[in-house]
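1. just coords:
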């Protein structure tokens, strides 16, 4: 008869976790205020946030917006979702009248651009999105190479270009 091995019963090895190891405590932080380094704003061209506000409004209305890295001329480019049509946009902050330099608006007219005027009215901001060619037709030339559109005189015309409905009207060619 063949010999068979019998299994001997082995006990599993228990691992011992030593809690006795003490970790050194970190050093206490100083309570004195630490000097903060200021953010370098020399490369931020949209300090007032006007371009970002207009870009946000365009995106909400189904358009794409690309902010410019130049501080002269166009502030952003609006595009349709297919990236097949583009419109330059100049963003201008205004108080009582819609002023812009002729030099800035003439390039927009040639490119069928839009001028976005943002009026800070106390606790809220009102915006108008005017096709540059129509703005030039209605605005009067003022000294120092600028143009001015009186808001009270053209109030009924401006109403159609105010806020989100104004975006839909001014950028109708991009919206399809």
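-> That came through fine. Keep in mind the model is a prediction, meaning the values are calculated, not measured.
2. following the host helix or strand of residue 104, which helix or strand shows up next?
-> Counting by DSSP states H and E, the element that carries residue 104 is helix 102-110. Per DSSP H and E, the first helix or strand lying C-terminal to helix 102-110 is strand 114-121.
3. can you list the residues that contact the top helix by length along the chain?
-> Scanning the chain for the longest helix, with DSSP state H as the assignment, gives helix 50-60. Residues outside helix 50-60 that contact it (Cβ atoms under 8 Å, 6 or more residues apart in numbering) are 45-46, 64-65, 67-68, 75-76, 78, 89, 91-93, 116, 118, 125, 127, 164, 167, 171. In short, each C-beta sits where N, CA and C put it, glycine included.
4. Let's see that with 10 Å instead.
-> Here helix 50-60 makes contact (Cβ atoms under 10 Å, 6 or more residues apart in numbering) with 45-46, 49, 63-68, 74-79, 87, 89-93, 114, 116-118, 120, 125, 127, 129, 163-164, 166-167, 171, 174.
5. gap between the spatially most central residue of the chain and residue 140?
-> Centroid-nearest residue in the chain, with Cα atoms, centre = their mean: residue 52, separated by 2.7 Å. Remark: distance between residue 52 and residue 140 (Cβ to Cβ, to the nearest Å) = 30 Å.
6. circling back: give me the distance between the residue nearest to the centre of the chain and residue 22.
-> Going from residue 52 to residue 22 by Cβ to Cβ gives 52 Å.
7. now do residue 136
-> Note on residue 136: its distance to residue 22, by Cβ to Cβ, is 78 Å.
8. more crowded one of those two?
-> Neighbour count, other Cβ atoms under 10 Å: between residue 136 and residue 22, residue 136 has more, with 19 against 6.
9. buried sites along the host helix or strand of the more buried one?
-> In this structure, residue 136 sits in helix 132-138 according to DSSP H and E. Using 16 or more other Cβ atoms under 10 Å as the test for burial, helix 132-138 gives 132, 134, 135, 136.
10. which one of those sits closest to residue 145?
-> Distance to residue 145 across the buried residues of helix 132-138 (Cβ to Cβ) is lowest for residue 136, with 13.4 Å.
11. hang on, isn't that closest one packed against residue 115?
-> Yes - assessed by Cβ atoms under 10 Å, residue 136 is found in contact with residue 115 at 9.4 Å.
12. Now list whatever residues contact both of these two.
-> Counting by Cβ under 10 Å, 6+ apart, the common neighbours of residue 136 and residue 115 are 100, 105, 108, 109, 130, 147, 149.
13. List the residues that contact the last one.
-> Applying Cβ under 10 Å, 6+ apart, one finds that residue 149 lies in contact with 94, 97-100, 115, 117, 128, 130, 134-136, 138-140, 157-158.
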